[in-house]
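1. let's see this in three dimensions:
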Amino acid sequence: MAGEQNGDHALLAGIQNDLLSPRILVLRRLLEQSARTDFAGLEPDNSFTRRILFALYRNGEGRVFELAYTLGSDMAQVSRGLTALRKDGLVNTRRQRDPYTLTPEGEKLGKQLFAIAEQREARLLHGLETGEIIELVAMLIHLQARASTLLAEELALARAEGEPAELPTAHTEFATRVHPLLYNLANTVLRTATAAFKRLAGVSQFEWRVLVNMADRPAIPFAGLVQHIGVDKGQLSRTLNALEQSGLIVRSFDGAGTSRRLDLTTKGRRVYRLMEADSEQRNARMIDGLRPIHLDRLRAQLDRLIANIVAAIPPA
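-> Presented below is the predicted three-dimensional model:
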(Lines give C-alpha, C1' and ligand atoms only; values in the text may rest on other atoms or scores of the structure.)
Protein backbone atom coordinates (compact mmCIF):
# COMPACT_ATOMS: atom_id res chain seq x y z
CA MET A 1 0.00 0.00 0.00
CA ALA A 2 1.01 3.63 -0.32
CA GLY A 3 3.12 4.63 2.62
CA GLU A 4 5.21 1.50 2.72
CA GLN A 5 8.83 2.26 2.03
CA ASN A 6 11.30 0.09 0.20
CA GLY A 7 14.56 0.29 2.07
CA ASP A 8 16.69 -1.00 -0.78
CA HIS A 9 15.62 1.34 -3.58
CA ALA A 10 14.80 5.01 -3.03
CA LEU A 11 13.05 5.03 -6.42
CA LEU A 12 10.38 2.74 -4.98
CA ALA A 13 9.60 5.03 -2.05
CA GLY A 14 6.12 6.48 -2.00
CA ILE A 15 4.41 3.85 -4.15
CA GLN A 16 1.89 1.09 -3.58
CA ASN A 17 4.79 -1.16 -2.74
CA ASP A 18 2.92 -4.46 -2.85
CA LEU A 19 1.94 -3.88 -6.49
CA LEU A 20 4.00 -4.93 -9.51
CA SER A 21 3.15 -2.04 -11.83
CA PRO A 22 5.20 0.62 -9.98
CA ARG A 23 8.31 -1.58 -10.14
CA ILE A 24 7.77 -2.20 -13.84
CA LEU A 25 7.35 1.52 -14.54
CA VAL A 26 10.45 2.38 -12.49
CA LEU A 27 12.39 -0.13 -14.59
CA ARG A 28 11.07 1.51 -17.75
CA ARG A 29 12.30 4.93 -16.65
CA LEU A 30 15.71 3.52 -15.71
CA LEU A 31 16.07 1.64 -18.99
CA GLU A 32 15.29 4.83 -20.89
CA GLN A 33 17.83 6.74 -18.82
CA SER A 34 20.59 4.20 -19.43
CA ALA A 35 19.73 3.98 -23.14
CA ARG A 36 20.55 7.66 -23.59
CA THR A 37 24.14 6.82 -22.65
CA ASP A 38 24.43 3.40 -24.30
CA PHE A 39 23.03 4.50 -27.68
CA ALA A 40 24.57 7.98 -27.74
CA GLY A 41 25.68 8.96 -31.25
CA LEU A 42 23.69 6.22 -33.00
CA GLU A 43 20.84 6.99 -35.38
CA PRO A 44 17.95 7.07 -34.95
CA ASP A 45 18.28 9.08 -31.75
CA ASN A 46 14.58 8.72 -30.90
CA SER A 47 14.29 5.78 -28.50
CA PHE A 48 10.92 4.53 -29.77
CA THR A 49 11.97 4.71 -33.43
CA ARG A 50 15.10 2.80 -32.47
CA ARG A 51 12.95 0.10 -30.86
CA ILE A 52 10.92 -0.25 -34.06
CA LEU A 53 14.09 -0.75 -36.07
CA PHE A 54 15.40 -3.27 -33.55
CA ALA A 55 12.11 -5.21 -33.62
CA LEU A 56 12.26 -5.39 -37.41
CA TYR A 57 15.86 -6.59 -37.21
CA ARG A 58 14.90 -9.37 -34.80
CA ASN A 59 11.68 -10.41 -36.54
CA GLY A 60 12.58 -9.82 -40.20
CA GLU A 61 9.39 -7.90 -41.00
CA GLY A 62 6.32 -6.45 -39.36
CA ARG A 63 3.02 -4.73 -40.10
CA VAL A 64 1.95 -1.64 -38.19
CA PHE A 65 -0.54 -3.42 -35.93
CA GLU A 66 1.92 -6.27 -35.26
CA LEU A 67 4.65 -3.82 -34.23
CA ALA A 68 2.17 -1.91 -32.07
CA TYR A 69 1.41 -5.06 -30.09
CA THR A 70 5.00 -6.29 -30.00
CA LEU A 71 6.19 -2.92 -28.67
CA GLY A 72 3.23 -2.37 -26.34
CA SER A 73 2.33 0.87 -28.12
CA ASP A 74 -0.43 2.35 -30.27
CA MET A 75 -0.67 2.21 -34.04
CA ALA A 76 -0.44 5.97 -34.56
CA GLN A 77 2.90 6.17 -32.75
CA VAL A 78 4.25 3.18 -34.69
CA SER A 79 3.12 4.72 -37.98
CA ARG A 80 4.93 7.96 -37.19
CA GLY A 81 8.08 6.05 -36.30
CA LEU A 82 7.97 4.01 -39.51
CA THR A 83 7.45 7.17 -41.55
CA ALA A 84 10.59 8.66 -40.00
CA LEU A 85 12.58 5.47 -40.64
CA ARG A 86 11.39 5.32 -44.23
CA LYS A 87 12.37 8.95 -44.76
CA ASP A 88 15.87 8.10 -43.49
CA GLY A 89 16.11 5.17 -45.92
CA LEU A 90 16.14 2.52 -43.17
CA VAL A 91 12.84 0.68 -43.89
CA ASN A 92 10.78 -0.21 -46.95
CA THR A 93 7.23 -1.32 -47.73
CA ARG A 94 5.33 -1.65 -50.99
CA ARG A 95 1.99 -0.50 -49.61
CA GLN A 96 0.83 0.80 -46.23
CA ARG A 97 -0.83 -2.54 -45.40
CA ASP A 98 2.18 -4.65 -46.37
CA PRO A 99 4.89 -5.69 -43.90
CA TYR A 100 7.79 -3.31 -43.35
CA THR A 101 11.32 -4.63 -43.84
CA LEU A 102 14.77 -3.14 -43.32
CA THR A 103 16.88 -1.76 -46.14
CA PRO A 104 20.57 -2.80 -46.31
CA GLU A 105 21.42 0.36 -44.36
CA GLY A 106 18.74 -0.53 -41.81
CA GLU A 107 20.16 -4.05 -41.47
CA LYS A 108 23.61 -2.60 -40.80
CA LEU A 109 22.26 -0.33 -38.08
CA GLY A 110 20.16 -3.16 -36.65
CA LYS A 111 23.31 -5.24 -36.22
CA GLN A 112 24.94 -2.41 -34.25
CA LEU A 113 21.85 -2.00 -32.08
CA PHE A 114 21.75 -5.75 -31.45
CA ALA A 115 25.35 -5.79 -30.18
CA ILE A 116 24.62 -2.97 -27.73
CA ALA A 117 21.36 -4.63 -26.68
CA GLU A 118 23.21 -7.84 -25.81
CA GLN A 119 25.56 -5.88 -23.53
CA ARG A 120 22.61 -4.15 -21.87
CA GLU A 121 20.87 -7.49 -21.35
CA ALA A 122 23.95 -8.94 -19.65
CA ARG A 123 24.20 -5.98 -17.26
CA LEU A 124 20.49 -6.11 -16.53
CA LEU A 125 20.58 -9.80 -15.56
CA HIS A 126 23.85 -9.69 -13.62
CA GLY A 127 23.70 -12.04 -10.63
CA LEU A 128 20.67 -14.05 -11.81
CA GLU A 129 21.06 -17.78 -12.40
CA THR A 130 19.86 -19.38 -15.63
CA GLY A 131 16.89 -20.95 -13.88
CA GLU A 132 15.89 -17.60 -12.39
CA ILE A 133 16.04 -15.94 -15.81
CA ILE A 134 13.89 -18.66 -17.38
CA GLU A 135 11.33 -18.28 -14.59
CA LEU A 136 11.39 -14.48 -14.94
CA VAL A 137 10.78 -14.68 -18.70
CA ALA A 138 7.85 -17.06 -18.19
CA MET A 139 6.24 -14.79 -15.60
CA LEU A 140 6.74 -11.67 -17.73
CA ILE A 141 5.10 -13.39 -20.72
CA HIS A 142 2.18 -14.36 -18.46
CA LEU A 143 1.87 -10.77 -17.20
CA GLN A 144 2.01 -9.39 -20.75
CA ALA A 145 -0.90 -11.59 -21.82
CA ARG A 146 -2.96 -10.47 -18.82
CA ALA A 147 -1.97 -6.82 -19.26
CA SER A 148 -2.92 -6.92 -22.96
CA THR A 149 -6.38 -8.16 -22.03
CA LEU A 150 -6.80 -5.32 -19.54
CA LEU A 151 -5.65 -2.79 -22.13
CA ALA A 152 -8.09 -4.13 -24.75
CA GLU A 153 -10.93 -3.83 -22.24
CA GLU A 154 -9.93 -0.29 -21.28
CA LEU A 155 -9.67 0.78 -24.92
CA ALA A 156 -13.11 -0.71 -25.56
CA LEU A 157 -14.50 1.35 -22.68
CA ALA A 158 -12.93 4.46 -24.13
CA ARG A 159 -14.18 3.44 -27.60
CA ALA A 160 -10.73 4.01 -29.03
CA GLU A 161 -10.51 3.93 -32.80
CA GLY A 162 -7.81 2.50 -35.00
CA GLU A 163 -6.96 -0.55 -32.86
CA PRO A 164 -7.28 -4.09 -34.30
CA ALA A 165 -10.30 -6.07 -33.10
CA GLU A 166 -8.02 -8.87 -31.95
CA LEU A 167 -4.42 -8.33 -30.94
CA PRO A 168 -1.97 -10.73 -32.66
CA THR A 169 0.38 -12.98 -30.78
CA ALA A 170 3.81 -11.48 -30.14
CA HIS A 171 6.74 -13.02 -32.01
CA THR A 172 8.21 -15.65 -29.71
CA GLU A 173 11.79 -15.05 -30.82
CA PHE A 174 11.45 -11.41 -29.73
CA ALA A 175 9.92 -12.42 -26.41
CA THR A 176 12.86 -14.45 -25.13
CA ARG A 177 14.92 -11.48 -23.92
CA VAL A 178 14.11 -9.84 -20.61
CA HIS A 179 14.87 -6.26 -21.66
CA PRO A 180 12.20 -5.93 -24.39
CA LEU A 181 9.75 -7.98 -22.36
CA LEU A 182 10.02 -5.50 -19.49
CA TYR A 183 9.75 -2.49 -21.75
CA ASN A 184 6.75 -3.84 -23.67
CA LEU A 185 4.98 -4.82 -20.46
CA ALA A 186 5.64 -1.38 -18.99
CA ASN A 187 4.19 0.31 -22.07
CA THR A 188 1.06 -1.84 -21.90
CA VAL A 189 0.63 -1.15 -18.18
CA LEU A 190 1.22 2.57 -18.73
CA ARG A 191 -1.31 2.81 -21.57
CA THR A 192 -3.93 0.98 -19.51
CA ALA A 193 -3.34 3.15 -16.44
CA THR A 194 -3.40 6.34 -18.51
CA ALA A 195 -6.73 5.42 -20.10
CA ALA A 196 -8.23 4.28 -16.79
CA PHE A 197 -7.18 7.37 -14.85
CA LYS A 198 -8.50 9.67 -17.57
CA ARG A 199 -11.82 7.81 -17.63
CA LEU A 200 -12.21 7.66 -13.85
CA ALA A 201 -10.88 11.02 -12.74
CA GLY A 202 -9.68 13.03 -15.73
CA VAL A 203 -6.04 12.96 -14.61
CA SER A 204 -2.90 11.80 -16.38
CA GLN A 205 -0.58 9.02 -15.26
CA PHE A 206 2.04 11.59 -14.26
CA GLU A 207 -0.53 13.53 -12.23
CA TRP A 208 -1.31 10.24 -10.50
CA ARG A 209 2.37 9.84 -9.57
CA VAL A 210 2.28 13.30 -8.02
CA LEU A 211 -0.88 12.51 -6.05
CA VAL A 212 0.58 9.22 -4.78
CA ASN A 213 3.70 10.92 -3.47
CA MET A 214 1.69 13.71 -1.86
CA ALA A 215 -0.65 11.20 -0.21
CA ASP A 216 2.37 9.33 1.16
CA ARG A 217 4.08 12.51 2.42
CA PRO A 218 1.56 15.04 3.77
CA ALA A 219 2.73 18.66 3.73
CA ILE A 220 5.66 17.80 1.45
CA PRO A 221 7.65 20.81 0.17
CA PHE A 222 8.09 21.41 -3.55
CA ALA A 223 11.81 20.52 -3.43
CA GLY A 224 11.02 17.22 -1.72
CA LEU A 225 8.48 16.34 -4.40
CA VAL A 226 11.02 17.09 -7.15
CA GLN A 227 13.51 14.77 -5.46
CA HIS A 228 11.13 11.86 -4.92
CA ILE A 229 9.50 11.94 -8.35
CA GLY A 230 12.72 12.61 -10.23
CA VAL A 231 11.53 15.19 -12.78
CA ASP A 232 12.52 18.72 -13.69
CA LYS A 233 11.01 21.60 -11.75
CA GLY A 234 9.25 23.08 -14.77
CA GLN A 235 7.25 19.94 -15.55
CA LEU A 236 6.30 19.45 -11.91
CA SER A 237 5.31 23.09 -11.48
CA ARG A 238 2.99 22.94 -14.49
CA THR A 239 1.43 19.73 -13.19
CA LEU A 240 0.88 21.21 -9.73
CA ASN A 241 -0.80 24.24 -11.30
CA ALA A 242 -3.18 21.95 -13.20
CA LEU A 243 -3.95 19.89 -10.09
CA GLU A 244 -4.58 23.05 -8.07
CA GLN A 245 -6.94 24.41 -10.72
CA SER A 246 -8.81 21.08 -10.60
CA GLY A 247 -9.21 21.44 -6.85
CA LEU A 248 -7.14 18.34 -6.05
CA ILE A 249 -4.27 19.99 -4.14
CA VAL A 250 -3.73 23.07 -2.00
CA ARG A 251 -0.57 25.08 -1.37
CA SER A 252 0.32 26.92 1.81
CA PHE A 253 2.55 30.00 1.58
CA ASP A 254 4.99 31.74 3.89
CA GLY A 255 4.95 35.45 4.64
CA ALA A 256 6.93 36.24 1.48
CA GLY A 257 4.38 34.50 -0.72
CA THR A 258 6.64 31.51 -1.40
CA SER A 259 4.97 28.10 -1.61
CA ARG A 260 6.03 26.10 1.45
CA ARG A 261 3.83 22.99 1.66
CA LEU A 262 1.69 20.89 -0.65
CA ASP A 263 -1.32 18.85 0.46
CA LEU A 264 -4.24 16.99 -1.05
CA THR A 265 -7.66 18.58 -0.69
CA THR A 266 -10.69 16.57 0.37
CA LYS A 267 -11.49 16.13 -3.32
CA GLY A 268 -7.89 15.13 -3.98
CA ARG A 269 -7.98 12.45 -1.29
CA ARG A 270 -11.25 11.12 -2.70
CA VAL A 271 -9.77 10.91 -6.21
CA TYR A 272 -6.63 9.29 -4.80
CA ARG A 273 -8.64 6.57 -3.03
CA LEU A 274 -10.68 5.91 -6.18
CA MET A 275 -7.60 5.54 -8.35
CA GLU A 276 -5.74 3.54 -5.70
CA ALA A 277 -8.60 1.03 -5.63
CA ASP A 278 -8.58 0.84 -9.43
CA SER A 279 -4.80 0.23 -9.44
CA GLU A 280 -5.17 -2.58 -6.92
CA GLN A 281 -7.99 -4.17 -8.92
CA ARG A 282 -5.99 -4.09 -12.16
CA ASN A 283 -2.95 -5.48 -10.34
CA ALA A 284 -5.01 -8.36 -8.95
CA ARG A 285 -6.27 -9.23 -12.42
CA MET A 286 -2.81 -8.94 -13.97
CA ILE A 287 -1.21 -11.35 -11.49
CA ASP A 288 -4.10 -13.82 -11.60
CA GLY A 289 -2.66 -17.30 -12.09
CA LEU A 290 0.63 -16.64 -10.29
CA ARG A 291 1.11 -18.29 -6.91
CA PRO A 292 2.16 -16.16 -3.90
CA ILE A 293 5.60 -17.80 -3.81
CA HIS A 294 6.12 -16.88 -7.47
CA LEU A 295 5.02 -13.30 -6.83
CA ASP A 296 7.50 -12.97 -3.98
CA ARG A 297 10.29 -14.21 -6.22
CA LEU A 298 9.18 -11.92 -9.04
CA ARG A 299 9.26 -8.85 -6.77
CA ALA A 300 12.72 -9.82 -5.56
CA GLN A 301 13.95 -10.32 -9.14
CA LEU A 302 12.54 -6.97 -10.27
CA ASP A 303 14.25 -5.29 -7.31
CA ARG A 304 17.51 -6.97 -8.37
CA LEU A 305 17.09 -5.64 -11.91
CA ILE A 306 16.48 -2.13 -10.58
CA ALA A 307 19.67 -2.35 -8.53
CA ASN A 308 21.63 -3.62 -11.54
CA ILE A 309 20.52 -0.73 -13.76
CA VAL A 310 21.17 1.88 -11.07
CA ALA A 311 24.68 0.49 -10.56
CA ALA A 312 25.41 0.71 -14.30
CA ILE A 313 24.20 4.30 -14.80
CA PRO A 314 27.11 6.77 -14.67
CA PRO A 315 26.78 9.42 -11.93
CA ALA A 316 25.36 12.71 -13.13
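
2. how much space is there between Asp45 and Met75?
-> 23 Å (CB to CB, to the nearest Å). Every C-beta, even on glycine, is put in place using the N, C-alpha and C of the backbone.

3. pLDDT of the helix or strand hosting Arg251, averaged?
-> Using DSSP states H and E, Arg251 falls within strand 249-253. pLDDT averaged over strand 249-253 equals 86, rounded to a whole number.

4. 52 is where my numbering starts, stick with that
-> Done: numbering now begins at 52, and the last item shifts to strand 300-304.

5. re the thing from before, Asp96 and Met126 - which one has more neighbours?
-> Met126 (17 against 11; other CB atoms under 10 Å).

6. might one say that that one is in contact with Arg114?
-> No. Assessed by CB atoms under 8 Å, Met126 is found out of contact with Arg114, at 9.8 Å.

7. and the pLDDT for Thr181?
-> On the pLDDT scale, Thr181 gets 94.

8. need phi/psi at it.
-> The phi and psi values for Thr181, taken as degrees, to the nearest 10, are phi -60, psi -40.

9. burial of it, as a residue count?
-> 8.

10. ok, it to Leu187 distance?
-> Distance from Thr181 to Leu187, counting by CB to CB: 11 Å.

11. spatially nearest residue to the spatially most central residue of the chain, not counting backbone neighbours?
-> By CA atoms, centre = their mean, the mean C-alpha position of the chain lies nearest to Ala237, the distance being 3.5 Å. Leaving aside its sequence neighbours, Ala237 sits nearest to Arg79 (CB to CB, 6 or more residues apart in numbering; 3.6 Å).

12. can you list contacts of the strand or helix carrying the one you found?
-> Here Arg79 sits within helix 72-89, counting by DSSP H and E. The contact list for helix 72-89 (CB atoms under 8 Å, 6 or more residues apart in numbering) reads 60, 62-63, 66-67, 98, 167, 170-171, 230, 233-234, 236-238, 240-241, 244, 281, 330, 333-334, 337, 350, 353-354, 356-357, 360-361, 363-365.

13. just the buried ones from these, in ChimeraX syntax?
-> Buried members of the contacts of helix 72-89, defined by 16 or more other CB atoms under 10 Å, are picked up in ChimeraX with:
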select :62,63,66,67,171,230,233,234,236,237,238,240,241,244,330,333,334,337,350,353,354,356,357,360,363
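
14. show the contacting residues for Gly113.
-> Counting by CB under 8 Å, 6+ apart, Gly113 has contacts Ala106, Leu107, Thr121, Pro150, Tyr151.

15. what's across from it in the sheet?
-> Tyr151 (DSSP bridges).

16. confirm Asp314 sits in a strand?
-> Yes. Assigned with DSSP: H, G, I helix; E, B strand; the rest coil, Asp314 falls within a strand.

17. how many residues are close by it?
-> 16.

18. got a pLDDT number for it?
-> The model's pLDDT for Asp314 equals 92.

19. who's it bridged to?
-> Beta bridges link Asp314 to Val301, judged by DSSP bridges.

20. residues in contact with it?
-> Residues counted as contacts of Asp314 (CB under 8 Å, 6+ apart) are Met265, Pro269, Ala270, Ile300, Val301, Ser303.

21. outside of stretch 124-134, which residues touch it?
-> The contact list for stretch 124-134 (CB under 8 Å, 6+ apart) reads 97, 99-100, 103, 115-116, 118-119, 122, 142, 144, 151, 213-214, 238, 242.

22. could you rerun that using 6 Å?
-> Here stretch 124-134 makes contact (CB atoms under 6 Å, 6 or more residues apart in numbering) with Phe99, Thr100, Ile103, Val115, Phe116, Leu118, Ala119, Tyr151, Gly213, Asn238.

23. quick one: Arg148 is in a strand?
-> No. Under the criterion used here (three-state DSSP), Arg148 is coil, not part of a strand.

24. burial of it, as a residue count?
-> Neighbourhood size, Arg148 [other CB under 10 Å]: 9.
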